[in-house]
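*Asks:* sequence unknown, structure follows:
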């Protein structure tokens, strides 16, 4: 059995793992990236079905992405996208995401608008509960608008349980978009800033361009990123078949089908339940994550919405997001195609259930007129951290156990942190590495 010694071992070659490798390489002579998938990129996955190409993950990148500086030339593996986003409302209309204040409130009778205003004011003055994500949302938009806008239904659909069950600390950290879009002060500030820009008193922000991976799939861009790291001295072991991780007096041993790897420093980006299992710490009871079922459809006929992405804020329907991949990859023999995401806690629904549900809810909203065919589906495990009321305590307990062994934890999986974009994943990994520097002993190959 091959045995190799390194200064640092990184478990996982997703965005956080690649970021950690990039940050450490200037000061590290021997660094290993161990990945059980056949390629880098983590849960950024591409699937081809019926000649159509589908994606899952945080699939869009922007012209200010840190990946451009970390991995020069990666933009050659991107395609430009005309980014647009909307939502299906409880009334079955396609409106702005996350809320169309002018269109949805402005068109309502003055009595309704007054009732919403009074509800928001009452929550700000008299309701100061901070027990759940519902309390957080109601503080900015009141209970009536929270319900009528469909946001409460969307949160239940996204996280797998009601907003009343989602922890308030999580909402405070990860739902700031509610404050930005529903808060009175942020909206007023945007109006003032917009007026200043029109008058030339305030500089307009640079226009960002949006990209998706090129038709070759995610494997092309992440192969390029891994190549950049290997050119700087990193060694990557894909399809490693990791079997166990052991703490030793000298550091750590990682046992894989490819051999045994040792190092004084170990950085983990694998799901908490996975790393605790590899260490034999199953009693640590890590918090749970949802699975993501991605159903792949093609469509031929008339499409009654223009947005690239649609979020489902309606009261019914299993699906939470629809993405029209053919808008940037191009149609195939006259067929447009999209992926439809369903977040699941517990047993997975059958594909037939998802297809029937999607047909019913999209027909009710009048989204498609024509032939709609499901080409297949696939499941992503550990897609989103589940932040119920016990999650923070359980997460903290597991991370303390890992830290006591000297293991550093990063990313959505390793740090059990909901991270909505690649840019934020990079920033968080870099910040955590900067906060917790560790001395690495220089070693030789054994």
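*Replies:* Yes, it's here. Please read all numbers here as calculations on a predicted model, not as lab measurements.
*Asks:* what residue ranges in the stretch 301-446 of the chain score low on pLDDT?
*Replies:* 436-446 (pLDDT under 70).
*Asks:* try 90
*Replies:* Residues of the stretch 301-446 of the chain that meet the criterion pLDDT under 90 lie in 345-346, 382-386, 389-390, 392, 412, 417-424, 427-428, 431-446.
*Asks:* per-residue pLDDT, residue 179?
*Replies:* On pLDDT, residue 179 comes in at 73.
*Asks:* Let me know the secondary structure of it.
*Replies:* For residue 179, the secondary structure call by DSSP: H, G, I helix; E, B strand; the rest coil comes out as helix.
*Asks:* wait, isn't it in contact with residue 140?
*Replies:* Yes. Assessed by C-beta atoms under 8 Å, residue 179 is found in contact with residue 140 at 5.7 Å. In this view, the C-beta of every residue, glycine as well, is placed from N, C-alpha and C.
*Asks:* residues shared between the contacts of the two?
*Replies:* By C-beta atoms under 8 Å, 6 or more residues apart in numbering, residue 179 and residue 140 have no common neighbours.
*Asks:* The two: who's more crowded?
*Replies:* Remark: of residue 179 and residue 140, residue 140 carries more neighbours, 21 against 17, as counted by other C-beta atoms under 10 Å.
*Asks:* Quickly list what the residue nearest to residue 244 when sequence neighbours are not counted is bridged to.
*Replies:* Using C-beta to C-beta, 6 or more residues apart in numbering and skipping residues adjacent in sequence, the residue nearest residue 244 is residue 255, 4.7 Å away. Beta-bridge pairing of residue 255 under DSSP bridges involves residue 244, residue 260.
*Asks:* check contacts around residue 255.
*Replies:* Residue 255 neighbours (C-beta under 8 Å, 6+ apart): 242, 243, 244, 245, 246.
*Asks:* JSON lines for the residues you listed, including neighbour count and pLDDT?
*Replies:* As requested, the contacts of residue 255 are exported to JSON lines (neighbours: other C-beta atoms under 10 Å; pLDDT from 0 to 100):
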{"residue": "242", "neighbour count": "21", "pLDDT": "98"}
{"residue": "243", "neighbour count": "11", "pLDDT": "97"}
{"residue": "244", "neighbour count": "13", "pLDDT": "97"}
{"residue": "245", "neighbour count": "27", "pLDDT": "98"}
{"residue": "246", "neighbour count": "15", "pLDDT": "97"}
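*Asks:* Now render the residues you listed as a markdown table, adding distance to residue 303.
*Replies:* Shown next, in a markdown table, are the contacts of residue 255 (distance: C-beta to C-beta, whole Å):
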| residue | distance to residue 303 |
| --- | --- |
| 242 | 44 |
| 243 | 48 |
| 244 | 50 |
| 245 | 49 |
| 246 | 55 |
